[in-house]
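K.L.:
sequence plus the predicted model coming up.
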Amino acid sequence: MQEYNHFKKTIMRELKHLRYLTASLIAQAIIGFGDSNTKIGQYRRIYIRLMDKSLREYGLARDAFLSDDSDVGRTFRFANHMETCINSLARLNKLRGRIKSEKNTLKLPDGIRKQVEKSSDAVRHIRNAIEHMDESIQKDSVKKGQAIIIVANETKDGFSIAKYKLGFEELATALEKMHELAVLILNNS
């Protein structure tokens, strides 16, 4: 059993090296920063909060995934936390687009921008599958054998829902790039 757990840990990697940013945002609010009442300032606060939420939920999903529990509860805990992670990550992607469309905003470095955009379609599709699963069931568009909640795939290197899949490594990289962007946003107020 120990060997299997070690294997899983390497598949869904830990992201504890990414620090939560809300405390820094609060500290800036206390000492004051120039854009707090502007649209960009408001976007900024939401972005930082959602980034922390995404990281927290990823960590909780990872904990459930690595749990030694073999019950349905573990599967549901994993699904619940991963759904919340995906939902907040999808919101971050939308918010990134809104920030990008504002005049005089931070220009994203190409490396970050390309990595974030690469994963945004997969995240959006999975988010939509989650949010509209009841409609898919009603329309009989869920094929036999497809998951109706987020479940780890057979190789345990990612997850799927309906016909959509996302690898844990791709998700971890997306979270790292979104966090890198969040740090840029936070430091360029």
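P.N.:
Happy to help now that I have it.

K.L.:
distance of Gln119 from Gly158?
P.N.:
No Gln there; residue 119 is Ser. Separation of Ser119 from Gly158 (Cβ to Cβ, to the nearest Å): 12 Å. C-betas here are computed from N, CA, C, even on glycine.

K.L.:
joint contacts of the two?
P.N.:
Leu166, Glu170, Leu171 (Cβ atoms under 8 Å, 6 or more residues apart in numbering).

K.L.:
out of those, which sit inside helices?
P.N.:
Judged by DSSP state H, helices contain the following of the shared contacts of Ser119 and Gly158: Glu170, Leu171.

K.L.:
which pLDDT value goes with the nearest residue to Lys39 once chain neighbours are set aside?
P.N.:
Counting by Cβ to Cβ, 6 or more residues apart in numbering, Lys39 lies nearest to Glu102, which is 6.4 Å off, once chain neighbours are set aside. As predicted, Glu102 sits at a pLDDT of 78.

K.L.:
contact partners for Glu102?
P.N.:
Contacts for Glu102 (Cβ under 8 Å, 6+ apart) come out as Lys39, Ile40, Tyr43.

K.L.:
repeat for Arg96
P.N.:
Arg96 sits in contact with Tyr47, Leu108, Val116, Met178, Leu181, where contact means Cβ under 8 Å, 6+ apart.

K.L.:
phi, psi for the last one please.
P.N.:
Read that as Leu181. Note on Leu181: its backbone torsions stand at phi -60, psi -40 [degrees, to the nearest 10].

K.L.:
so what's the nearest residue to it once chain neighbours are set aside up against?
P.N.:
For Leu181, ignoring the flanking residues on the chain, the nearest one in space by Cβ to Cβ, 6+ apart is Ile112 at 5.5 Å. Neighbour list for Ile112: Lys177, Glu180, Leu181, Leu184 [criterion: Cβ under 8 Å, 6+ apart].

K.L.:
buried residues, stretch 134-141. List them.
P.N.:
For stretch 134-141, a neighbour-count test (16 or more other Cβ atoms under 10 Å) marks Ser136 as buried.

K.L.:
no no, stretch 110-128
P.N.:
Applying 16+ other Cβ under 10 Å to stretch 110-128 flags Ile112, Gln115, Val116, Ser119, Ser120, Ala122, Val123, Arg124, His125, Ile126, Arg127 as buried.
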